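Undergrad: pasting the sequence and the predicted coordinates here, then a few questions.
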Amino acid sequence: GQSLEQPSEVTAVEGAIVQINCTYQTSGFYGLSWYQQHDGGAPTFLSYNALDGLEETGRFSSFLSRSDSYGYLLLQELQMKDSASYFCAVKGRTDSWGKFQFGAGTQVVVTP
Amino acid sequence: DVKVTQSSRYLVKRTGEKVFLECVQDMDHENMFWYRQDPGLGLRLIYFSYDVKMKEKGDIPEGYSVSREKKERFSLILESASTNQTSMYLCASRGGRALYEQYFGPGTRLTVT
């Protein structure tokens, strides 16, 4: 099975940088995904890392270190619209493709 | 754009009722999923289907069943609703080459009284 840990809440001001960490324990590892969910909305896919290193997509970047069982999502130049919950999700190598395990989510609060 | 729709945004049912939650996707995806989302617990997988009439239990299947008679439609059934099934239910689909990317519906907030 898997377990994931991420902080429950992070608060930052507009224009700042926020890093959301995700540590995981899996029986084997395949990849780490990140999703964003606004209040009342559907989760939407942000990024996926299967290999070590940084993946950049605009203001958001995602990092993975397989040796440390650790990843993070970096939100740069924070905007008010970035206020949302962010979930990491992992798939273990021995799990079927249906079984992604999601973290409990990190609520990001952006203040003016 | 992929579209995943769910039959209701809000639903109120009584204890013991049989409840059907419907999900439809328009991208010909092979895989479909049902999750429930509760505060502090994140998304927990109830069931998923990897093809028509094919299903696999997730982490919390007790009290639920599913049906997938057509590729685009995946139904979640609560045979006898209980108050501890009050939750947000999210449907998702996945297909093509992006095996790690799921597309979610808007969710159904179910209240069982």
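TA: In hand now; what should we look at?
Undergrad: how about residues contacting the lowest-mean-pLDDT helix or strand in chain A?
TA: Lowest by mean pLDDT, DSSP states H and E among the helices and strands of chain A is strand A:100-102, with a mean of 86. For strand A:100-102, contacts defined as Cβ atoms under 8 Å, 6 or more residues apart in numbering or on different chains pick out A:1-4, A:24, A:26, A:33, A:35, A:87-92, B:35, B:42-45, B:100, B:102. Bear in mind the C-beta positions are built from the backbone N, C-alpha and C, glycine included.
Undergrad: narrow the residues you listed to those that are buried.
TA: Buried members of the contacts of strand A:100-102, counted by 16 or more other Cβ atoms under 10 Å in any protein chain shown: A:2, A:4, A:24, A:26, A:33, A:35, A:87-92, B:35, B:42-45, B:100, B:102.
Undergrad: what parts of chain A come near chain B?
TA: Remark: the part of chain A in contact with chain B comprises A:8, A:31, A:33, A:41-45, A:48, A:50, A:87, A:89, A:91, A:96-100, A:102-105, using Cβ under 8 Å from any Cβ of the partner chain.
Undergrad: can you select the buried ones from those residues in PyMOL?
TA: To isolate the buried ones among these in PyMOL, judged by 16+ other Cβ under 10 Å, type:
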select buried, chain A and resi 31+33+42+43+45+48+87+89+91+98+99+100+102+103+104+105
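Undergrad: in helices, which of the residues of chain A next to chain B fall?
TA: Of the residues of chain A next to chain B, none are assigned to helices by DSSP state H.
Undergrad: quick one: A:Val13 and A:Glu77 touch, right?
TA: No - taking contacts as Cβ atoms under 8 Å, A:Val13 lies outside contact range of A:Glu77: 11.4 Å.
Undergrad: gap between the least confident helix or strand of chain A and the chain center?
TA: 11 Å (Cα atoms, centre = their mean, to the nearest Å).
Undergrad: ok, stretch B:52-69 next?
TA: On Cα atoms, centre = their mean, the centre of stretch B:52-69 falls 9 Å from the chain's centre.
Undergrad: which other residues reach stretch B:40-53?
TA: A:8, A:43, A:87, A:89, A:96-100, A:102-105, B:30-38, B:55-61, B:64-66, B:68-71, B:74, B:76, B:90.
Undergrad: how far does that stretch sit from the chain's center?
TA: 7 Å.
Undergrad: if we go by neighbour counts, what in it is buried?
TA: B:Gly42, B:Leu43, B:Arg44, B:Leu45, B:Ile46, B:Tyr47, B:Phe48, B:Ser49, B:Tyr50.
Undergrad: and for stretch B:25-41?
TA: So for stretch B:25-41, counting by 16+ other Cβ under 10 Å, buried means B:Gln25, B:His29, B:Asn31, B:Met32, B:Phe33, B:Trp34, B:Tyr35, B:Arg36, B:Gln37.
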